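Q: Take a look and give me a structure for this.
(one chain, ligands or ions: 1)
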Amino acid sequence: MRVEKAGVVGAGTMGAAIAEVLAFNGIPVVLKDVDAALVERGLARVRGFVDELVAFHEGRAAKEIARIGELGVTLTEAQQEAVRTHLKPKVSRARAEEVVARVTGSTSYDDFGDVDLVVEAVFERTEVKRGVLEALDHVLPEHAVLGTNTSSLSVSRLARGLVHAPSTLAVHFFNPPTTLPLVEVAGGVDTREDVVTETLDFLQGLRNHRYPLVPIRVRESPAFVVNRILIPVLNEACFVRDEGLASARDIDLALKTGAGMPMGPFELGDMIGLDVVLEVAETLQRETGDPKFRPSVSLRRLVDAGHLGRKTGRGFYDYS
Ligand SMILES: NC(=O)c1ccc[n+]([C@@H]2O[C@H](COP(=O)([O-])OP(=O)(O)OC[C@H]3O[C@@H](n4cnc5c(N)ncnc54)[C@H](O)[C@@H]3O)[C@@H](O)[C@H]2O)c1
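A: The predicted structure follows:
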């Protein structure tokens, strides 16, 4: 599968980062959202990811010299220069500018007529995603692959009746795609086998800021593999807190220091977005009919109040 131009619909948390990863791999990307302000916000996010990467690379040598200094070792100028040469930035400011320039914003589907691959990353609602996929179905070239970044919805239902149904599949990136390499790839009932294998091959050839991407094939099922396990963990953490067993901070601390998790469930929930966590929990409950997936009332209340985690400045924790 050759991807000479890609499209991303939804310039939010995931869409902007997916666009950046594609552009980082040399692919021109058109990034669409509903209005100009949201597109601009998405493009600013892309620039933010790139700036972070450049700052990381440019700061590595100075950090290393400072770290050695803290050990009580004073490096000579020649030794410092050797560290600087060894840790010279792998991503230059010029290359970063090229990445930024590869992503163009749009509010129109007219710019999607020549893309080879689209990833939609709009709200986790079937009706919203259906609207986007139907619009894309009209404008995409026949050969284009239509990827959905859905965390939990049925690909078969999202693709139902589309001309592009045989080339529609889930390409589920993880947050943040710039550093987490996993992509779950799942076809629906009508997805062609060659579309699944070629998408896996395509993703295998990409890398994010830290690692080569790791695409895995998953059978279509609610929430795929990671969220099928992870969302009940976050939800259960809410029940444990609500029953008064421990505070959110102590539950996070417990799972980090006792279970080897790099982030606690409340920290992770705030990073993912509590609306997304709730939507996935509801989908798991609805699709499986299994009461073990019922979302906790306290999670629902935070979402009702608009406290969605880091993106709104407050969730389980306050970031203001
Ligand atoms: N946040 C996560 O951790 C995470 C991880 C993996 C997958 N996902 C999935 O990615 C998708 C997007 O999630 P997010 O967290 O980026 O959401 P988000 O709310 O940050 O961004 C969604 C964006 O889609 C835009 N949008 C909505 N309707 C649109 C339309 N009709 N046309 C164009 N743009 C539209 C919104 O304006 C918004 O900018 C969801 O399906 C979610 O389940 C999220």
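
Q: could you measure the residue of the chain found nearest the ligand against residue 311, distance?
A: Residue nearest to the ligand within the chain: residue 12 (1.8 Å; C-beta to the nearest ligand atom). (Each C-beta comes from the backbone N, C-alpha and C, glycine too.) Distance, residue 12 to residue 311, by C-beta to C-beta, to the nearest Å: 8 Å.

Q: State whether residue 185 is indeed within a helix.
A: No. The assignment for residue 185 by DSSP: H, G, I helix; E, B strand; the rest coil gives strand, which leaves it out of any helix.

Q: Let me see the residues that make contact with the helix or strand where residue 7 lies.
A: For residue 7, the element it lies in under DSSP states H and E is strand 6-9. Strand 6-9 is contacted from outside by 15-16, 18-19, 22, 27-33, 111-112, 115-122, 132, 136, using C-beta atoms under 8 Å, 6 or more residues apart in numbering.

Q: quick one, helices of the chain?
A: 13-24, 36-70, 77-86, 93-102, 126-139, 155-159, 193-204, 226-242, 248-258, 265-272, 274-288, 297-304 (DSSP state H).

Q: export those to TSV and tack on mean pLDDT and mean neighbour count?
A: Listed next are these as TSV, based on pLDDT from 0 to 100; neighbours: other C-beta atoms under 10 Å:
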stretch	mean pLDDT	mean neighbour count
helix 13-24	97	27
helix 36-70	95	16
helix 77-86	94	12
helix 93-102	94	15
helix 126-139	97	16
helix 155-159	97	20
helix 193-204	98	16
helix 226-242	96	19
helix 248-258	98	16
helix 265-272	96	24
helix 274-288	93	21
helix 297-304	97	15
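
Q: How many residues are close by the nearest residue to the residue of the chain closest to the ligand once chain neighbours are set aside?
A: Leaving aside its chain neighbours, residue 12 sits nearest to residue 121 (6.7 Å; criterion: C-beta to C-beta, 6 or more residues apart in numbering). Applying other C-beta atoms under 10 Å, we find 29 residues neighbouring residue 121.

Q: Let's see the pLDDT reported for the residue of the chain closest to the ligand.
A: Residue 12 is assigned a pLDDT of 96 by the prediction.

Q: Now do the contacts for it.
A: Shown in contact with residue 12 (C-beta under 8 Å, 6+ apart): 33, 38, 42, 121-122.

Q: How about the residues of this structure by the ligand?
A: Those residues of the chain that sit near the ligand, judged by C-beta under 6 Å from any ligand atom, are 9-15, 32-34, 38, 121-124, 128, 131-132, 149-151, 172-175, 272-273, 276.

Q: Residue 164 and residue 192, how far apart?
A: For residue 164, the distance to residue 192 equals 11 Å [C-beta to C-beta].

Q: Comparing the two, which shows the higher neighbour count?
A: residue 164 (21 against 15).

Q: Could you find the closest non-adjacent residue to the more buried one?
A: In space, and not counting its chain neighbours, residue 164 is closest to residue 146: 4.8 Å by C-beta to C-beta, 6+ apart.

Q: So that neighbour sits against residue 167, correct?
A: Yes. Residue 146 lies in contact with residue 167 (C-beta atoms under 8 Å); the separation is 5.9 Å.

Q: the more surrounded of these two?
A: Using other C-beta under 10 Å as the criterion, residue 146 and residue 167 rank with residue 146 on top: 29 against 26.

Q: Okay, and the beta partners of the residue nearest to residue 164?
A: Legend: beta-bridge partners of residue 146 under DSSP bridges are residue 118, residue 168.

Q: which residues does it contact?
A: Each residue near residue 146 by C-beta under 8 Å, 6+ apart is listed here: 118, 120, 133, 136-137, 140, 159, 162, 164, 167-169.

Q: now with 10 Å?
A: Applying C-beta atoms under 10 Å, 6 or more residues apart in numbering to residue 146 gives the contacts 7, 115, 117-120, 132-133, 136-137, 140, 155, 158-159, 162-169, 171, 191, 195.

Q: Check residue 204 too.
A: Going by C-beta under 10 Å, 6+ apart, residue 204 touches 183, 212-215.

Q: next one: residue 307
A: The contact partners of residue 307, taken as C-beta under 10 Å, 6+ apart, are 270, 274-275, 301, 313-318.

Q: what do you get for residue 11?
A: Contacts of residue 11 by C-beta under 10 Å, 6+ apart are 17-19, 31-34, 38-46, 103, 105-106, 121-122.

Q: now swap in residue 147 and tell me
A: 6-8, 18, 117-121, 155, 167-173, 183, 185, 195, 199, 203.
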